[in-house]
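**Student:** Dropping the sequence and predicted coords here.
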Amino acid sequence: FFFSSSGQLTMASHHQVSVDTPVLAVDAREAFSGLTETERLYAHYIAQASFEGSKICLFQCSWESPALFVLFQACFLGESSTAKYRQKCLEKGIAKEQFDAAVAYFATFLSNMGNYKSFGDAKFVPGVDVDTFTAILSTSSGFTEGMAALWESIKERVFSTDKELLSLGFQPNGVTTYFTSNCVQEDAVTVQGVLDQKGFAAYNTRLRKTAEGNFEVMVASAEVTEEVVLSEAPNIKAVYGDHAVFMQRVVSNLEEAKKNAANDTQVAMLTKYIESFQTGSLDAHKDGSRHWVKDKGPVIESYIGFIETYRDPYGSRGEFEGFAACVNKETSKKFAALVDSAESILPMLPWPAVYEKDKFLQPDFTSLEVIAFGSSGIPLGINIPNYDDIRQDEGFKNVSLGNVLRARLRFSDSEDVAFLHSDDQVLYKATALEAFDVQVGLHELLGHGSGKLFAEDDAGKKNFPDGVENPLDKAQGVQSWYKAGETWDSKFPGIGSSYEECRAECVGIFLCVQPSVLKIFGFEGDRADEIMYINWLHMVRAGVLGKPADTYIKMQPTCKSDGEHTQNPHRSRHICFICSINFSAHSALEFYKPGQGISGWGQAHMMARFSILQVLLEAGEDLVTIVPGSASNTVIRLDRSKILSVGVPAIGAFLQKLQVYKSTADFAQGKQLYTRYATVPESMLALRDEVLARRKPRHIPVQHVTRNLAGTVELLSFPASLDGILDSFLARFDHVDQDLLAQWQSTQSEFV
């Protein structure tokens, strides 16, 4: 970290990328070696489609990101390797530390596919000044006159730490390129209302506001087809062909993958995906997802499309994502056992049976070894598809990304886990991986996979009986539900994704205390108790540094605080990433920006965990205590003996409310509840300074590159280093993408 003369973190330094940023290798060599050549070809083309499509993420991040990507390609490809480029810079008098700072910046940029963190939405800037950075770029033979002009046009924005540019969001509190720069939040609300009425989902779109004040829903598709009028007043039409060049590349690679598909279900799935990406039809993608759900136990698992809405400030538009992975059969066995037991576990949840799905549709639940993941980040687990109707009526899949999980949860014997008492250090480090396996399984399968949405179709037919009792108000009963065209995302704008992550996290810790559940994972007796304790301790630790809001905060010495409640909307976060958390480094307050109410939360999962901590602190009886010390040794304690007697009842009551409000589409009550627990009072912000001072740089991944050599696919590996990340991207994208630059130049004036 960089400090001012007064010892305080400066605004610019807080956003600078550290040269000590750790790198983890996503290693799939052993799994890949067991594949047939046909399976390798299938995986290769899915990987190619995923990575080509991931370039769309640049256009979904910030105005300057696509141009910065082209500059990286031009300058580093111009010198053939990072090592050679470094040597040339050293010969020109540039210090090694300065070049390494530029490498750290570009490695972080490429890992996030943009200059805002995919986990937290905060902007990051180079750790050297603009003149030095320019000197490094200009040393490359690839820094042509055209590249120099391109850099001149974006360098001020790249280095700026102006307040309004420090995070993603609607103006004036952030930046977004899901909307043209003249759009405001009210425009998003207006257009979404029309889209809901038309049943037109926004996952694969951006929104343009014309100079005349009309709206164009920009649909991603390889084909540029006729416009479709959606509304005359306000004037809204759908225009097709956004990201056309990348969508065509995705289509071409999926056509090749289809030739190597393992079965007819995969062929049907890819055929529908191709139709969707060719024409922009989201219905075709939904049909492809239906086939994907039916493709049980494939050797190569994959998914691709506009999936997670974490980065859209309104929470309706999906970021592009695609992956190819091998199934780890041994690790998958315990997840399969959990699936087989799900119907006996679901009744343990704290809501009446009528609030549960009519039939639990047993999904695939597998542990995967990631070969390629193209997007702005790699999660640890996923529950997809995100289409509510498919999830509720036809099914879904859960995946745990095993090689990513193993790489992240490694501790050295000498490493201290921040904010944990010395009594907990050894057990935490020894148990975190196994405990997180349990939480991933419960969160994804029985968290996101549970609960029913009460809904009414176009014909007025309801999917729930009349007279359903509301357990929160038995006298009043159920008064609201989802009308035709309404979805979870559209009914719970601003808090939906974080609310859902909170619900799923609560399910995980609520069920992990059950001996029958822990036995499924192979834990009994004292070891089961340790798994339960560490899982709860991790949840408390992840949220405690966000500090509780109103009600009661039990610290030593005792302190009370009555925080003001705010109703500011939080950026929507969609179902269903388990966050890629570094257990030793990250806590809630790192992702909270003071002064913005609950809108200040920059990360859905951390807002969720903070809210869970609030519930546990409110439960009292010293279940959770925060023991303040000096600026560097505050610790948290969880009373293991009170988890069952105090913690579980508190979480159960909270979880019931979350589910009832979700089932009944009761946004007003749901928002009031969630705002209460997610609000951070001024009196608790001092601990945020300690969180920032003690935090460590977040791990970034280096992935393999697959290469097709006349029908034989090889898997290239790279060192777990910042240089390795850059060299992997140079191998993956081995020429300057002029089409990418052309798209940026054709639309950049609208998004600046």
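**Tutor:** Okay, I see it.

**Student:** ranges for the helices of the stretch 201-350 of the chain?
**Tutor:** Applying DSSP state H, counting those that start in this stretch to the stretch 201-350 of the chain gives helices spanning 244-258, 264-279, 282-294, 329-345.

**Student:** Which elements pack onto the last one?
**Tutor:** Same thing as helix 329-345. Using 3 or more C-beta pairs under 8 Å, 6 or more residues apart in numbering; DSSP states H and E as the contact test, the elements touching helix 329-345 are strand 364-374, strand 397-401, helix 422-441, helix 515-520. In this view, the C-beta of every residue, glycine as well, is placed from N, C-alpha and C.

**Student:** Serialize the helices of the stretch 201-350 of the chain to CSV and add fields for mean pLDDT, distance to Met607 and mean neighbour count.
**Tutor:** Shown next, in CSV, are the helices of the stretch 201-350 of the chain (pLDDT from 0 to 100; distance: least, C-beta to C-beta, whole Å; neighbours: other C-beta atoms under 10 Å):
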stretch, mean pLDDT, distance to Met607, mean neighbour count
helix 244-258, 98, 32, 21
helix 264-279, 98, 32, 21
helix 282-294, 97, 28, 21
helix 329-345, 89, 27, 16
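
**Student:** Can you convert those helices into a markdown table and add a column each for distance to Leu644?
**Tutor:** Output for these, formatted as a markdown table (distance: least, C-beta to C-beta, whole Å):
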| stretch | distance to Leu644 |
| --- | --- |
| helix 244-258 | 49 |
| helix 264-279 | 44 |
| helix 282-294 | 36 |
| helix 329-345 | 17 |
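
**Student:** picking up where we left off before, export the helices and strands packed on helix 329-345 to JSON lines and append columns for mean pLDDT and mean neighbour count.
**Tutor:** Output for those, formatted as JSON lines (pLDDT from 0 to 100; neighbours: other C-beta atoms under 10 Å):
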{"stretch": "strand 364-374", "mean pLDDT": "93", "mean neighbour count": "26"}
{"stretch": "strand 397-401", "mean pLDDT": "86", "mean neighbour count": "26"}
{"stretch": "helix 422-441", "mean pLDDT": "91", "mean neighbour count": "20"}
{"stretch": "helix 515-520", "mean pLDDT": "96", "mean neighbour count": "17"}
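
**Student:** quick one: which of the ones you listed is nearest Gly174?
**Tutor:** Closest of those to Gly174 is strand 364-374, at 24.8 Å (criterion: C-beta to C-beta).

**Student:** Just want the angle from the closest one to helix 244-258.
**Tutor:** 130 degrees (axes from the mean of the first three to the mean of the last three C-alpha atoms, to 10 degrees).

**Student:** what's the closest of the helices of the stretch 201-350 of the chain to Ile598?
**Tutor:** helix 282-294 (30.0 Å).

**Student:** chain center to that closest one, what's the gap?
**Tutor:** 22 Å (C-alpha atoms, centre = their mean, to the nearest Å).

**Student:** What helices and strands are in contact with it?
**Tutor:** Against helix 282-294 (3+ C-beta pairs under 8 Å, 6+ apart) you get helix 264-279, strand 300-308, helix 388-393.

**Student:** Measure how that helix sits relative to strand 364-374, angle-wise.
**Tutor:** Going by the same axes, to 10 degrees, helix 282-294 makes 130 degrees with strand 364-374.

**Student:** Can you name the residues in contact with helix 282-294?
**Tutor:** 201, 203-204, 265-266, 268-273, 275-277, 303, 305-306, 363-364, 384-385, 387, 390, 394-397 (C-beta atoms under 8 Å, 6 or more residues apart in numbering).

**Student:** hang on, the earlier thing: of the helices of the stretch 201-350 of the chain, which is nearest Ala455?
**Tutor:** Closest of those to Ala455 is helix 282-294, at 16.5 Å (criterion: C-beta to C-beta).

**Student:** Report the angle between the closest one and strand 397-401.
**Tutor:** Angle of helix 282-294 versus strand 397-401, following the same axes, to 10 degrees, is 70 degrees.

**Student:** what angle sits between helix 282-294 and strand 300-308?
**Tutor:** 140 degrees.

**Student:** Send over helix 282-294 as PDB, restricted to the C-alpha atoms.
**Tutor:** Output of helix 282-294 as PDB, limited to C-alpha atoms (Å, rounded to 0.1, in the frame of the first residue of the first chain):
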ATOM      1  CA  LEU A 282     -33.200 -15.200 -26.200                       C
ATOM      2  CA  ASP A 283     -35.900 -17.800 -26.600                       C
ATOM      3  CA  ALA A 284     -33.500 -19.800 -28.600                       C
ATOM      4  CA  HIS A 285     -30.900 -19.500 -25.800                       C
ATOM      5  CA  LYS A 286     -33.500 -20.700 -23.300                       C
ATOM      6  CA  ASP A 287     -34.300 -23.700 -25.500                       C
ATOM      7  CA  GLY A 288     -30.500 -24.400 -25.700                       C
ATOM      8  CA  SER A 289     -30.400 -24.200 -21.900                       C
ATOM      9  CA  ARG A 290     -33.300 -26.700 -21.700                       C
ATOM     10  CA  HIS A 291     -31.200 -29.200 -23.700                       C
ATOM     11  CA  TRP A 292     -28.200 -28.400 -21.500                       C
ATOM     12  CA  VAL A 293     -30.100 -29.200 -18.300                       C
ATOM     13  CA  LYS A 294     -31.000 -32.600 -19.900                       C
END
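
**Student:** could the helices and strands packed on helix 282-294 be laid out in a markdown table, adding distance to Arg406?
**Tutor:** Formatted as a markdown table, those follow (distance: least, C-beta to C-beta, whole Å):
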| stretch | distance to Arg406 |
| --- | --- |
| helix 264-279 | 28 |
| strand 300-308 | 17 |
| helix 388-393 | 28 |
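
**Student:** quick one: which of these is nearest Val702?
**Tutor:** Ranking the helices and strands packed on helix 282-294 by proximity to Val702 (C-beta to C-beta) places strand 300-308 first, at 20.6 Å.
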